[in-house]
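In: everything below, folded, please.
(one chain, ligands or ions: 1)
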Amino acid sequence: MWSSLVLLSVVGCALAGPPVSRTKDQIESFKAYLERSRRDDGIRIESRMLANPKASEWENSGKFQGDILLNDEQAEYLVQEYSGTASKSDSAARNAYILGNARWPANTIIYEFNNEFTNAQVNAIYAAMREISARTCIRFRRRERWETVFVRITGRSDGCYANVGYWPRMGVHTLNLARANPGQGCFTHTTIIHEWLHIVGFMHMQSTHNRDDYVRILWQNISPGMEHNFEKYGTNVVNNMGLPYEYASNMHYGRYGFSVNRQATMLPIYNDNGLMGQQQFVTGWDWLRANRHYNCPGAWSAPINAEELSQGTYLHEYKGEEDAVIEDLPQGDVVEDLPQEEQVANVPQGFEAEKISMVEEARQDE
Ligand SMILES: [Zn+2]
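Out: Numbering: from 1, shown residues only. Next comes the predicted model:
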């Protein structure tokens, strides 16, 4: 047995000339992990949170990188990328930070709700969609009956997760938010936006190619089998949209994701001002990345602080709504087709403080 292991690793090394550096065992392990992440394990998000209470709901949702639902094409491409056999010209995965060059046509995400949410939950989801529409040129439209490619918003109890990008061959995309009172669990405003940003096309910040310049992974603290959540991907899979690495991004892991011992699994190399993995706001650069991905008007010419860029500053300070980077986007209603009875105008600002009655009977699923 030892001799075969040694042989494998020797073969692995022999094959390991640049750019490939994976052994057959590593590749098989990666494949198995991807398959596991795509299976429904039926564990409720509450149980997952108990196992690692210091991580966020979306980190704890049991999918690829925590909350990414991979389709067949993506899983296959990631294996190719991992094993070093991906073609640089493969159109399935060129323009990303973002996985795949798969933007929603006409900048419009088509959606429908599973009929399982309370009005307050629907309104919380709409509030996130409205903010995305207000800050980007991405729009939302309710699915017509004849349409086959759309996002179905579901409320399964196992976590918060979503597909990444637009995949016509997949048809029904999923955005799942385990039902909870708005402001709690998967129903915090930033978590809902986070899941939509996956649908928009983004992966997580810390899987980008240059992340080792900014974060240190503490492999010894990662739950066995979860190490693949900390893979990084090359420039043929991910793209930082011309912006610096950002600890405060709404798409960045926190310190404790996938921890086996409640110790940190990832630490910032530079001072992150405590913002790495923060769940309080979406940054101006999060929006700018989305705008650039969709070539929204002005997105590539919007003033970026050139000094910050030239000094390689990695941390973008959130400057609040009044300093939104994109200024020439259309104003006005952002989800024009919402039925009147679901209009979100009556959702209070900072709705996370909103108290609604518990709707427990609807949560007794499975
Ligand atoms: Zn995510």
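
In: which bits of this structure sit near the ion?
Out: Residues of the chain lying near the ion by Cβ under 5 Å from the ion: Trp58, Asp67. In this view, the C-beta of every residue, glycine as well, is placed from N, C-alpha and C.

In: mind listing the helices for the chain?
Out: Using DSSP state H, the helices of the chain run over 2-14, 24-38, 45-51, 72-83, 119-135, 189-200, 284-293, 306-310.

In: alpha carbons of stretch 206-224, as PDB, please.
Out: Below are the C-alpha coordinates for stretch 206-224, written out as PDB (Å, rounded to 0.1, in the frame of the first residue of the first chain):
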ATOM      1  CA  GLN A 206     -11.400  34.600  -1.800                       C
ATOM      2  CA  SER A 207     -11.400  32.100  -4.600                       C
ATOM      3  CA  THR A 208      -9.900  34.600  -7.000                       C
ATOM      4  CA  HIS A 209      -6.400  34.000  -8.500                       C
ATOM      5  CA  ASN A 210      -4.500  36.600  -6.500                       C
ATOM      6  CA  ARG A 211      -6.100  35.900  -3.100                       C
ATOM      7  CA  ASP A 212      -2.900  34.500  -1.600                       C
ATOM      8  CA  ASP A 213      -1.500  38.000  -1.600                       C
ATOM      9  CA  TYR A 214      -4.200  39.000   0.800                       C
ATOM     10  CA  VAL A 215      -5.400  36.100   2.900                       C
ATOM     11  CA  ARG A 216      -3.700  33.200   4.600                       C
ATOM     12  CA  ILE A 217      -5.600  29.900   4.800                       C
ATOM     13  CA  LEU A 218      -5.200  27.900   8.000                       C
ATOM     14  CA  TRP A 219      -5.700  24.500   6.500                       C
ATOM     15  CA  GLN A 220      -5.300  22.700   9.900                       C
ATOM     16  CA  ASN A 221      -8.500  24.300  11.100                       C
ATOM     17  CA  ILE A 222     -10.700  23.400   8.100                       C
ATOM     18  CA  SER A 223     -13.200  20.600   8.500                       C
ATOM     19  CA  PRO A 224     -11.800  17.500   6.800                       C
END
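
In: show me which positions of that stretch end up buried.
Out: For stretch 206-224, a neighbour-count test (16 or more other Cβ atoms under 10 Å) marks Gln206, Ser207, Thr208, His209, Arg211, Tyr214, Val215, Ile217, Asn221, Ile222 as buried.

In: what of stretch 249-269?
Out: Buried, per 16+ other Cβ under 10 Å, within stretch 249-269: 249-259, 264-266, 268.

In: what's the end-to-end length of that stretch?
Out: 16 Å (Cα to Cα, to the nearest Å).

In: so what touches it?
Out: 52, 54-56, 59, 66, 190, 193-194, 197, 202-206, 213-218, 221-224, 226, 229-230, 246-247, 276-279, 281-283, 285-286 (Cβ atoms under 8 Å, 6 or more residues apart in numbering).

In: could you rerun that using 7 Å?
Out: 52, 54-56, 59, 66, 190, 193-194, 197, 202, 204-206, 214-218, 221-224, 226, 229, 247, 276-277, 282-283, 285-286 (Cβ atoms under 7 Å, 6 or more residues apart in numbering).

In: from the chain's centre, how far out does it sit?
Out: For stretch 249-269, the gap between its own C-alpha mean and the chain's C-alpha mean amounts to 15 Å (Cα atoms, centre = their mean, to the nearest Å).

In: check stretch 114-122 too.
Out: A distance of 22 Å separates the centroid of the chain from that of stretch 114-122, by Cα atoms, centre = their mean.

In: pull out the buried residues from it.
Out: For stretch 114-122, by 16+ other Cβ under 10 Å, it's Phe117, Thr118, Ala120, Gln121, Val122.

In: same thing with stretch 292-299?
Out: Buried-residue list, stretch 292-299, by 16+ other Cβ under 10 Å: Arg292, His293, Tyr294, Cys296, Ala299.

In: with Arg289 as the reference, measure out to the last one.
Out: Using Cβ to Cβ, to the nearest Å, Ala299 is found at 9 Å from Arg289.

In: can you put the buried residues of stretch 292-299 in a markdown table and add pLDDT and distance to Gly171?
Out: Output for the buried residues of stretch 292-299, formatted as a markdown table (pLDDT from 0 to 100; distance: Cβ to Cβ, whole Å):
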| residue | pLDDT | distance to Gly171 |
| --- | --- | --- |
| Arg292 | 91 | 27 |
| His293 | 92 | 22 |
| Tyr294 | 93 | 22 |
| Cys296 | 92 | 26 |
| Ala299 | 88 | 29 |
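
In: circling back to that earlier point, now for the buried residues of stretch 206-224, which pair is the farthest apart?
Out: Using Cβ to Cβ, the buried residues of stretch 206-224 span at most 23.2 Å, a distance reached by His209 and Asn221.

In: for Asn181, give me the pLDDT.
Out: Predicted confidence (pLDDT) for Asn181: 96.

In: torsion angles phi and psi at it?
Out: Asn181 has phi and psi values of phi -70, psi 140 when expressed as degrees, to the nearest 10.
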